[in-house]
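>>> quick one, structure for this:
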Amino acid sequence: MRAPNSLLSIRNIGVQLFPRQLDFFLDAYRKATACPYGYLLIDMHASSDPVLRLRTNIFKDEQEEDQDLVRRLGRARSERGARRVIVQKGAGVGGLFAALLTPVLIEVAKSFVTKNA
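Model prediction:
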């Protein structure tokens, strides 16, 4: 979005791909390209989930925060401690979601730690 003509081409793509959701597309583009080297992946395959048509940050090196969460879950000494980690990192994730997801994440963290040890 450095030059006005580049925004025009993005808008044209948005009108063609998302005719009724142009504002949504332009907002997603602005958020994705706000940081240096930001990008927006547009997946228009027929079998793709409509919720996942626009994506960003899909590469492995961008998932360091997720690895930190797995490490913190692996260090939790109990399910209660793991729930605290999830609720802290979840930014508003309710207790029900944490209760359902905690045992799964604990097992993932254990397998992750044993593989790397």
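
>>> middle-most residue in this structure, spatially?
Among the residues of the chain, the smallest C-alpha distance to the mean C-alpha position (CA atoms, centre = their mean) belongs to residue 57, namely 7.0 Å.

>>> so how far is residue 40 from that one?
Applying CB to CB, to the nearest Å, one obtains 10 Å for the distance of residue 57 from residue 40. (C-beta placed from N, C-alpha, C; glycine too.)

>>> tell me the mean pLDDT over stretch 9-26?
Stretch 9-26 comes out with an average pLDDT of 90.

>>> make that stretch 36-51, sorry
Confidence for stretch 36-51, expressed as mean pLDDT, is 84.

>>> just to check, residue 109 is in contact with residue 71?
Yes: if you go by CB atoms under 8 Å, residue 109 and residue 71 touch, sitting 7.5 Å apart.

>>> more neighbours: which of these two?
A direct count of neighbours by other CB atoms under 10 Å for residue 109 and residue 71 places residue 109 higher, at 20 against 14.

>>> can you tell me the element that one falls in?
helix 95-116 (DSSP states H and E).

>>> averaged pLDDT, that helix. What do you get?
71.

>>> can you give me the strands in this structure?
Residue ranges of the strands in the chain, as given by DSSP state E, are 41-42, 54-55.

>>> which one of the ones you listed lies nearest to residue 31?
Closest to residue 31 of the strands of the chain is strand 54-55 (CB to CB; 9.8 Å).

>>> right, I'll call it a day here.
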